[in-house]
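**Q** Show me how the following folds:
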Amino acid sequence: MDLDNGGKRVFQRLSGPGDSRNQKVCYHWRAGNCNRRPCPFLHRELQPPPSNGAPSKRSHGFTDDSSGFSGPRPRPNYAGSTSTWGRAHGGTNSRTVRKPEKVSKICKFWLQGNCGYGEGCRYLHSWSLGDGFSMLTQLEGHQKVVSGIALPSGSSKLYTGSKDETVRAWDCQSGQCMGVINLGGEVGCMISEGTWVFVGIPNTVKAWNTQSSIELSLSGPVGQVYSMAVGNGLLFAGTQDGSILAWKFNAATNGFEPVASLPGHTLGVVSLVVGANRLYSGSMDCTIRVWNLETLQCIQTLKEHTSVVMSVLCWDQFLLSCSLDQTIKVWVATESGNLEVTYSHNEEHGVLTLCGMHDSESKPILLSSGNDNSVHLYDLPSFSERGKIFAKQEVRAIQVGPGGLFFTGDGSGEVKVWQWLAEPAATTR
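**A** Prediction:
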C-alpha cells in the first residue's frame, strides 16, 4: 500500500470568474451516477499538485537497506529539564507542526474499499498523518486483538500474540507467517528478554527459548496474566487477582523457580515496567505502586489517576503513565525520593498504552494509543504532536524494533510495520 505523504496532499478544485454555481463539481458525477445532459455543474477536476518530500516506495519486507538491524539509539539525558515538559522549545531543535489541510479523520468508506470521492474526499485515505515515517507492510492472520509483540535477540522472527489464543511467528525478511502456536487461552501479554519469549495466558506463563527450543509452563497466576517485566534477574507477572508474581531462572535446572508474590493491588495489574532499581505497577484499582527491586517491598503508592492505569513507561529519571481518565502524567523524584507529577497531558479519549523511541535524528518520540483507534506521536518533552497513526480498531500493542522500526497491533488482528525515514521530509514552512 502506497502512502500519500501522510494524507497531506491538497485536492484543488477548478476556480475562476463566472457563475459560482458552475465552478462546483457535480456531486452525482463524483458518485458515478449523474444522468443530466447537460449538467450545470463540472464533470472534471484538477489533478493534485506534486507532493513535496513524499516518501519513496519501500520494500514489503521488514528490513531496509539503509537501516538494518543495528540496535536502539542512545537516549538523550533530560537531567534538569523538568520545567520543560509540555512546552515548545526554541533553538535548533524547535519543530513547527504543519497543520493538515484535510480533516484528520480516516474515511470509513475508504476502510471498506468503496469511497466514491477518491482524491477529492475530505477525509484521509491513509493509515497515517505526518512526516518522517512510513508504513512498510501489514501482517494479517490474527482473528482478534493483538495483545503482544516480541523480538527476541538473535532471532530472524517477529512474534505476535492475540486474544484468538495463538502466537504467530513472522519472517523478518519476507513478512510471511512461518508458524502458528495454539495456546488454548487468550494471550494477555507477551514480552521477550534475550532469547526468551514469555506469553501470559489464563493461570499460566508460557516460556520459550528461541535458541535452545526449551518450552516451559510457569504456574501460580490466578486468572489472566495481563502484564510482565524483567529486572534484577527476575521475571514479574501482573495478574487478574491483583498480585504480582516473581520467578528466578535456575541455570542448573534450565527452569524458573517462584521466589515471591507481591500483594497490595486490589484489582488486576495491567502494566509493569522496571527502571532505576524499581518495579512500577499500574492497576485497575487506579493506582501505581513503586517496589524496591532488592527487597521487593512497596515503597510508595501513587494515586493521582482517577481510572485504570493502562501503561507505565520509564524514560531516564522520569516515569510516564497513562490512564482511561484521558491523561498522560509525567512523574519525577523529589529530594525525598518520592515521585510527584511534574506535568499532566490531557487527551480527548482514554489512553491505552505508551511506548518511547527515537526518530532518525535521535529525537525522543512518545507513541500514545487511545481508544479512538489512533496512535499519537509526540515530540518530548514538549508534547507537540508529530504525527498520527490510524487503525481499524484500538491499538493495544506497540513495540520498538532496531533500525528505526516500530510495530503496532490493533483490535482487528492486524499488525503494521513502520519505520522512521532516514531523511525525514521538511516539517516547517
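**Q** check contacts around Gly185.
**A** Residues in contact with Gly185 (CB atoms under 8 Å, 6 or more residues apart in numbering) are Glu165, Ile201, Pro202, Asn203, Thr204. (Each C-beta comes from the backbone N, C-alpha and C, glycine too.)
**Q** Is it correct that it falls within a strand?
**A** No: with DSSP: H, G, I helix; E, B strand; the rest coil as the criterion, Gly185 is coil rather than part of a strand.
**Q** Buried residues, stretch 192-199. List them.
**A** Ser192, Glu193, Trp196, Val197, Phe198, Val199 (16 or more other CB atoms under 10 Å).
**Q** how near is the residue nearest to the third one when sequence neighbours are not counted to Ser192?
**A** In other words, Trp196. Leaving aside its sequence neighbours, Trp196 sits nearest to Asn209 (CB to CB, 6 or more residues apart in numbering; 5.5 Å). Asn209 is 11 Å from Ser192, where distance means CB to CB, to the nearest Å.
**Q** again with Gly356
**A** Applying CB to CB, one obtains 17 Å for the distance of Gly356 from Ser192.
**Q** Quick check: pLDDT value at Pro74.
**A** At Pro74, the pLDDT value in this model is 33.
**Q** nope, Ala276 is what I meant
**A** Per-residue pLDDT puts Ala276 at 87.
**Q** so it makes contact with Trp315?
**A** No: contact criterion CB atoms under 8 Å: Ala276 and Trp315 do not qualify, at 10.6 Å.
**Q** So for the two, which residue has more residues nearby?
**A** Trp315 (18 against 13; other CB atoms under 10 Å).
**Q** Can you classify the nearest residue to that one once chain neighbours are set aside by secondary structure?
**A** Counting by CB to CB, 6+ apart, Trp315 lies nearest to Gly356, which is 5.3 Å off, once chain neighbours are set aside. Following three-state DSSP, Gly356 is assigned to strand.
**Q** wait, what's in contact with Gly356?
**A** Gly356 sits next to Leu313, Trp315, Leu320, Pro364, Ile365, Leu366, Leu367, Leu380, Val400 when contact means CB under 8 Å, 6+ apart.
**Q** Now for the residue lying closest to Lys363 once chain neighbours are set aside: which residues touch it?
**A** In space, and not counting its chain neighbours, Lys363 is closest to Asp379: 6.6 Å by CB to CB, 6+ apart. Neighbouring residues of Asp379 by CB under 8 Å, 6+ apart: Arg95, Lys363, Pro364, Ile365, Glu385, Arg386.
**Q** quick revisit: which pLDDT value does the model give the residue nearest to Trp196?
**A** pLDDT recorded at Asn209 is 93.
**Q** do you know how far it is from Ser155?
**A** Distance of Asn209 to Ser155, given as CB to CB: 10 Å.
**Q** Restricting to C-alpha, output stretch 240-249 in CSV.
**A** The C-alpha trace of stretch 240-249 is given here as CSV (Å, rounded to 0.1, in the frame of the first residue of the first chain):
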residue,chain,number,x,y,z
GLN,A,240,-6.1,-10.6,37.3
ASP,A,241,-6.4,-11.1,41.1
GLY,A,242,-4.1,-8.1,41.8
SER,A,243,-1.0,-9.9,42.7
ILE,A,244,2.5,-9.7,41.1
LEU,A,245,4.4,-13.0,40.9
ALA,A,246,8.2,-13.2,40.6
TRP,A,247,10.4,-16.1,39.3
LYS,A,248,14.1,-16.5,39.1
PHE,A,249,15.9,-18.5,36.4
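**Q** got the contact list for it?
**A** Defining contact as CB under 8 Å, 6+ apart, one finds that stretch 240-249 is touched by 205, 218, 220-226, 233-239, 255-269, 272, 279, 281, 283, 285, 291, 296.
**Q** Among these, which lie within strands?
**A** Of the contacts of stretch 240-249, the ones assigned to strands by DSSP state E are 205, 218, 225-226, 234-239, 255-262, 269, 272, 279, 281, 283, 291.
**Q** returning to what we had before: residues that sit against both of Asn209 and Ser155, list them.
**A** Counting by CB under 8 Å, 6+ apart, the common neighbours of Asn209 and Ser155 are Thr195.
**Q** Dig out what the residue nearest to Gly220 when sequence neighbours are not counted forms beta bridges with.
**A** The spatial neighbour of Gly220 that comes closest, neighbours along the chain excluded (CB to CB, 6+ apart), is Leu245 at 5.2 Å. Beta-bridge pairing of Leu245 under DSSP bridges involves Ala237, Ser261.
**Q** Report the separation between Leu245 and Leu234.
**A** The gap separating Leu245 from Leu234 is 10 Å, by CB to CB.
**Q** Same check on Leu129?
**A** For Leu129, the distance to Leu234 equals 41 Å [CB to CB].
**Q** Between the two, which has more neighbouring residues?
**A** Neighbour totals were compared for Leu129 and Leu234, and Leu129 leads with 23 against 19 (other CB under 10 Å).
**Q** What strand or helix carries the more buried one?
**A** Element membership of Leu129, judged by DSSP states H and E, is strand 128-130.
**Q** looking only at pLDDT, what's the mean for that strand?
**A** 86.
**Q** what's the answer for stretch 135-154, then?
**A** Across stretch 135-154, pLDDT averages out at 95.
**Q** residues of that stretch that come out buried?
**A** Within stretch 135-154, the residues scored as buried using 16+ other CB under 10 Å are 135-137, 139, 141-142, 144-152.
**Q** would Phe109 count as being in a helix?
**A** Yes: per three-state DSSP, Phe109 lies within a helix segment.
**Q** does it really touch Cys115, like I thought?
**A** Yes: counting by CB under 8 Å, Phe109 touches Cys115, with 3.8 Å between them.
**Q** which neighbours do these two share?
**A** Each of Cys121 lies in contact with both Phe109 and Cys115 under the rule CB under 8 Å, 6+ apart.
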